[in-house]
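Q: the following comprises the amino acid sequence and a computationally predicted model.
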Amino acid sequence: WYNTTTHALKAQVLQTASWATGGARSNATFRGAAFGITTAAVASGGTQTPPLPSGPINNTTELYNGTSWTGGTAAPLNLGYVTFAGQNSLGAGTQTSYICIGGQFQPSYTPKNDVSCYDGTSWTSKPTYPTGTAAGGACGNDDLAYAYGGDGGSGAISTAADWSGSAWTTGTSLPTAAK
């Protein structure tokens, strides 16, 4: 377009991009944990055995460097339905600073309060979350995080807690219970 005030011709440049194929995972799974960026990603857990998604959940971890997948240290617990709607754990962070909170697992699907952190190399169990929860929200990383809401087993909860990197403290509850 032409700007009559500055007497300048303006143009918009269109950028295009395309999808590229990366290396194949050796552990094909359904609804496991996945986090990171294109050149530094982690995939862990999920179901492997048909009929998907009802097969057993595993703790296998693989790392992606932008080109190929390699094996990583197994998670301390089986991870399934992570960061998806449904029976899931709360998670936040990056490939080198990730926190995984609670979740519901086979066979009981009772919400857990387990907490594990991933440092880019290995998983470590941490102090438990104040209550069993699944399907809530989280932000931050394994050094500083905030988790809120979820399903406590009998419906939505309003619980919130702050993670200092070593301990949980009670946060301000949500005004309305939410999953």
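A: On my side now, so go ahead.
Q: low-confidence stretches in this protein?
A: With pLDDT under 70 as the threshold, the chain has low-confidence stretches at 1-2, 10-19, 49-55, 80-87, 105-107.
Q: surely Gly120 is in contact with Asn65?
A: No - shown here, Gly120 and Asn65 do not form a contact pair, counting by Cβ atoms under 8 Å, at 11.5 Å. (C-beta placed from N, C-alpha, C; glycine too.)
Q: any shared contact partners between these two?
A: Common contact partners of Gly120 and Asn65 (Cβ atoms under 8 Å, 6 or more residues apart in numbering): Ala40.
Q: any idea what the residue nearest the centre of the chain is bridged to?
A: Closest to where the C-alpha atoms of the chain average out (Cα atoms, centre = their mean) is Gly91, at 3.8 Å. With DSSP bridges as the criterion, Gly91 is bridged to Cys100.
Q: right, and it touches Gly140 too?
A: No - under the criterion of Cβ under 8 Å, Gly91 is not in contact with Gly140, lying 10.4 Å apart.
Q: shared neighbours, those two?
A: For the pair Gly91 and Gly140, residues contacting each of them under the criterion Cβ under 8 Å, 6+ apart are Ile99.
Q: and stretch 152-168, which residues are buried?
A: By neighbour count with 16 or more other Cβ atoms under 10 Å, stretch 152-168 contains the buried residues Gly152, Gly153, Ile157, Ser158, Thr159, Ala160, Ala161, Asp162, Trp163, Trp168.
Q: check the offset of that stretch from the chain's centre.
A: What separates the centre of stretch 152-168 from the centre of its chain is 16 Å, taken as Cα atoms, centre = their mean, to the nearest Å.
Q: quote the end-to-end distance of that stretch.
A: Using Cα to Cα, to the nearest Å, the gap from the first to the last residue of stretch 152-168 comes to 17 Å.
Q: what does stretch 94-110 give?
A: 27 Å.
Q: report the buried residues of that stretch.
A: Buried residues in stretch 94-110, defined by neighbour count with 16+ other Cβ under 10 Å: Thr94, Gln95, Ser97, Tyr98, Ile99, Cys100, Ile101, Gly102, Gly103, Gln104, Phe105.
Q: cool, stretch 130-149 as well?
A: Applying a neighbour-count criterion of 16+ other Cβ under 10 Å, one finds 132-138, 140-142, 145, 147-149 buried in stretch 130-149.
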